[in-house]
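Novice: 3D model of this:
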Amino acid sequence: MRMVLRVALAATVLLAGAAPAAGELAILTNGHRYKVTEWELQHRDNALGAERIRLILEGGGTVTLPLMQVERIVDDEIVDEPPPEPAAEPGFTFDYRPGQTAPATPYGELFLRVGREHELNPDLLAALARAESNYDAGAVSNKGARGLLQLMPATAERFGVSPPELHDPARNVLAAARYLTWLRRRFEDDLPRVLAGYNAGEGAVDAHDGVPPYRETVTFIGRVYGFLGL
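Specialist: Next up is the predicted model:
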């Protein structure tokens, strides 16, 4: 069921996000990066997919561009001593296991169905949904990510889901499953790198040859591991 009322309300407000002192990186779909101190989403004509985002640059000045050109905005705060990459316990597998039951969470049956269709562990989908939105299909972050799995519109569109569909739980989980499948192939089922790619982008993982030392990303991986019982 689409969260029509919540989407309409979200589309009428101006969301502003103040970045921490360490700054943030706005990563565009063309690979370009801006280091920013603040940003704000500007909704236009109450139409999802028509938003623009205004970036306040660390060195002064601003840049305003369509939100669809932004792959993600990530915390640029570096941990002092990045912990070693965690290793998944032997009991974890990315794959759906025949006979696996639905996670005992909201949308558990949806996670099970999509996981089965994409040969993906539904427990991973459930853990990500808990970490990203606490199972809130109507969630809109101050960075523009939406829905259960908090996908940016540009990322969802890469995997066949349009921005207006992101508050439909089934379409949101579908886009996330397709993205996770793509990430696990790219990073050869390396769970920490897959999770880091989901949070900070595959480009950041490539640039750091592993989990990038962003505090936000390291914390995110730890939370998902905890929800998976690893």
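
Novice: can you give the contact residues for the one helix or strand E157 maps to?
Specialist: Taking DSSP states H and E as the criterion, E157 maps to helix 153-158. Identification of contacts with helix 153-158 by C-beta atoms under 8 Å, 6 or more residues apart in numbering yields 29, 48-49, 51, 67-72, 144, 146, 162-163, 165-166, 172, 175, 179. All C-beta atoms are positioned from the backbone trio N, CA, C, and that covers glycine.

Novice: again, 6 Å this time
Specialist: 29, 68, 71, 163, 166, 175 (C-beta atoms under 6 Å, 6 or more residues apart in numbering).

Novice: OK, contacts around T217?
Specialist: Contacts of T217 by C-beta under 6 Å, 6+ apart are 196, 199-200.

Novice: okay, these in TSV with pLDDT, secondary structure and neighbour count next?
Specialist: Converted to TSV, the contacts of T217 look like this (pLDDT from 0 to 100; DSSP: H, G, I helix; E, B strand; the rest coil; neighbours: other C-beta atoms under 10 Å):
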residue	pLDDT	secondary structure	neighbour count
A196	94	helix	26
N199	92	helix	26
A200	88	helix	25
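
Novice: now do the same contact list for V194.
Specialist: Counting by C-beta under 6 Å, 6+ apart, V194 has contacts 183-184, 187.

Novice: quick check on it: phi, psi?
Specialist: The phi/psi pair for V194 (degrees, to the nearest 10) reads phi -60, psi -50.
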